[in-house]
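Participant: Provided below are the primary sequence and the corresponding predicted coordinates.
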Amino acid sequence: MTCKRFVSWVLALAVLAGLGGCGRQLQSGMTGSGVLEESSVVSTISSEDVLSEAVSSSVSYPTLSFPAVQDLTEAKLDSGISVFNLSQALGGLRISAICFLEDDLIGVIAFSQEQFQTEGSSHNYLFAVFSVDNLKLLYQKTITPPQNKSLYFYSEWNKTALSYYLGKENFFEIDRNGITPLPEEQFFRFRLSDSSYILEKDNDLILEQNGISKTIFDGVLPVEDEDPEDWHRYFFDCRLSDTRFIYSESGYEISLGAGVYDIETGKTTLLSHKNADGLWVYTYDYDKAILVPDDQMSYSSIGPYLYDDSTRKLTDLNWLNSLKGEVYPKYYLFGNMLAAFVDEYRIATTLRFFDLVTRTEIKTIEIPSCYHADEAGIELFAADNFFYMTIKPTAYDDAYLFRIPIEETMN
């Protein structure tokens, strides 16, 4: 799972930059899913009303006639790696966002470019959900957010919701059967066990255990007329066990590092290394997490860094320090395997696989330049016997899905 505090409206914004798209900014000091500001709009519309209005659009996209997987194959790279053209499958609609979802699903948000170029027209989006294993279309909806707002995926670590901003975030849960309104407090509530949950609320972290709530990290959320530089927030990063989790801390326009918290002992262990003053979680799986240096702090190695909660050790894997220039790999941890997408500008674009047990690189796949892959448009995911990568580069390039047999990454 990728611990990404990321809102895919960033991608949508790039798509709509010249099309009158909205220009929301993350609140100063946020590193991802912070409070989104749009002071000109204040709404009392409920999520249920908004959903009803949005889905009951008078405009509808044609029903997709999705080809069989074998008919979508554009190319085969070495070792049975298949490449699918998702834009072609959606009949030429522009794809603004692609996201891997829980229960092995892929969500796609697309639109007609001509519609968005027509002044005064409503912004109608096609939202489609597919199963990962066979790319079967499960359902599609035409959604028209109120007041021409942008539709996007909002991700908070292992959770992703469909959302748009109307005075506040409006979240909608996505599953195999459709979308339903999701209260904000549920979206920011994270399970440790059946009796213990961590809630992000008002910049604090709150432990809910056996019906009792207790603030374990107390942040600062300045109100009007207070100094915004007092802003201080704690984030839930990932679950390690029924009693332990990784959190991170941010101040005004600065990250303050990460640590491990144990709800049984109340003990906090800071995650720092002699090669990096500040680290943050990028991806995790069960009791392991991959961390990367905070570029706002001093570091001598880009790592990546492995934290194993079974041994309580933080290790600099020192695998990618030979990269040239400013390189920001994307990582995905699954079991004892780590995938790294690396774009070395004007040198090579590769997908690399490492074994955490033997601490060796076991496979490198070069991505042809014709796919225009870079870090900003990449999503990584593993399910059953395949590893997946989606490429959504720009508004005018097609989007692709790479499917790689996991057994091939081990040879």
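Facilitator: Here it is on my side, so go on. Please read these numbers as outputs of a predicted model, since none were measured by experiment.
Participant: ok, now which ones touch the spatially closest residue to residue 80 that is not a sequence neighbour?
Facilitator: Nearest in space to residue 80, with sequence neighbours left out and distances taken as C-beta to C-beta, 6 or more residues apart in numbering, is residue 405 at 5.3 Å. Backbone N, C-alpha and C define where each C-beta goes, glycine included. Residue 405 makes contacts with 79-81, 385-387, as judged by C-beta atoms under 8 Å, 6 or more residues apart in numbering.
Participant: also residue 63?
Facilitator: residue 140.
Participant: name the SS class of it, please.
Facilitator: Under DSSP: H, G, I helix; E, B strand; the rest coil, residue 63 falls in the coil class.
Participant: and the gap between residue 250 and residue 383?
Facilitator: Residue 250 is 32 Å from residue 383, where distance means C-beta to C-beta, to the nearest Å.
Participant: more neighbours, the two?
Facilitator: residue 250 (22 against 17; other C-beta atoms under 10 Å).
Participant: from residue 235, how far off is the more buried one?
Facilitator: Taken as C-beta to C-beta, the span from residue 250 to residue 235 is 7 Å.
Participant: then residue 63?
Facilitator: Counting by C-beta to C-beta - residue 63 and residue 235 are separated by 40 Å.
Participant: re earlier: pick out the lowest-pLDDT one from the contacts of residue 405.
Facilitator: Note: of these, the lowest pLDDT belongs to residue 79, at 63.
Participant: tell me, how many residues neighbour the closest residue to residue 244 other than its chain neighbours?
Facilitator: Leaving aside its sequence neighbours, residue 244 sits nearest to residue 262 (C-beta to C-beta, 6+ apart; 5.1 Å). The tally of other residues near residue 262 (other C-beta under 10 Å) stands at 14.
Participant: again with residue 288
Facilitator: So residue 288, with other C-beta under 10 Å, has 20 neighbours.
Participant: mind listing the strands for the stretch 251-400 of the chain?
Facilitator: 254-262, 268-271, 279-285, 288-293, 305-308, 313-316, 330-334, 337-344, 348-355, 360-366, 378-383, 386-391, 400-405 (DSSP state E, counting those that start in this stretch).
Participant: with just CA atoms, put the third one into CSV.
Facilitator: Right, strand 279-285. Only the C-alpha atoms of strand 279-285 are listed here, as CSV (Å, rounded to 0.1, in the frame of the first residue of the first chain):
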residue,chain,number,x,y,z
LEU,A,279,12.0,11.1,7.1
TRP,A,280,8.4,10.5,6.1
VAL,A,281,6.5,7.3,5.1
TYR,A,282,6.1,6.7,1.4
THR,A,283,4.7,3.2,1.3
TYR,A,284,4.0,0.4,3.7
ASP,A,285,2.8,-3.2,4.0
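Participant: list the helices and strands that strand packs on?
Facilitator: strand 232-239, strand 244-251, strand 254-262, strand 288-293, strand 330-334 (3 or more C-beta pairs under 8 Å, 6 or more residues apart in numbering; DSSP states H and E).
Participant: same check on the first one?
Facilitator: Packed against strand 254-262 by the contact rule (3+ C-beta pairs under 8 Å, 6+ apart) you find strand 244-251, strand 268-271, strand 279-285.
Participant: how about it: buried residues?
Facilitator: Under the neighbour-count criterion of 16 or more other C-beta atoms under 10 Å, strand 254-262 has 255-261 buried.
Participant: for residue 376, state which of the residues you listed is nearest.
Facilitator: residue 255 (19.9 Å; C-beta to C-beta).
Participant: who's in contact with that closest one?
Facilitator: Counting by C-beta under 8 Å, 6+ apart, residue 255 touches 31, 248-249, 278, 280, 294, 296-297.
Participant: tell me where the protein is predicted with low confidence.
Facilitator: By pLDDT under 70, the low-scoring segments of the chain are 1-60, 62, 65-79, 116-122, 225, 324-325, 346, 393, 395, 409-411.
Participant: just the helices in it please.
Facilitator: Along the chain, counting by DSSP state H, helices occupy 9-16, 47-55, 69-72, 86-89, 113-117, 184-187, 406-409.
Participant: picking up where we left off before, would you convert the buried residues of strand 254-262 into CSV that also reports distance to residue 218?
Facilitator: As requested, these are exported to CSV (distance: C-beta to C-beta, whole Å):
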residue, distance to residue 218
255, 18
256, 14
257, 17
258, 17
259, 15
260, 18
261, 13
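Participant: of the residues you listed, closest to residue 392?
Facilitator: residue 255 (26.5 Å).
Participant: nearest residue to the closest one other than its sequence neighbours?
Facilitator: residue 294 is the one closest to residue 255 (C-beta to C-beta, 6+ apart), at 4.8 Å.
Participant: any idea how far residue 109 is from that neighbour?
Facilitator: Distance from residue 294 to residue 109, by C-beta to C-beta: 30 Å.
Participant: who's more crowded, the two?
Facilitator: In terms of neighbours (other C-beta under 10 Å), residue 109 is the more surrounded of residue 294 and residue 109; the figures are 26 against 20.
Participant: from residue 376, how far out is that one?
Facilitator: 16 Å.
Participant: thinking again about what came up before, so who does the residue nearest to residue 244 touch?
Facilitator: Counted by C-beta under 8 Å, 6+ apart, residue 262 has contacts 243-244, 268-269.
Participant: now do it against residue 219, distance only.
Facilitator: In terms of C-beta to C-beta, residue 262 sits 20 Å off from residue 219.
Participant: same question, residue 306
Facilitator: Distance from residue 306 to residue 219, by C-beta to C-beta: 28 Å.
Participant: same deal with residue 202?
Facilitator: 7 Å.
Participant: neighbour-wise, which of those two wins?
Facilitator: The neighbour comparison of residue 202 against residue 219 (other C-beta under 10 Å) goes to residue 219, with 19 against 12.
Participant: what's the closest non-adjacent residue to that one?
Facilitator: residue 203 (3.0 Å).
Participant: contact partners for the one you found?
Facilitator: 219-221, 231-234.
Participant: and these, which of them are buried?
Facilitator: 219-220, 231-234.
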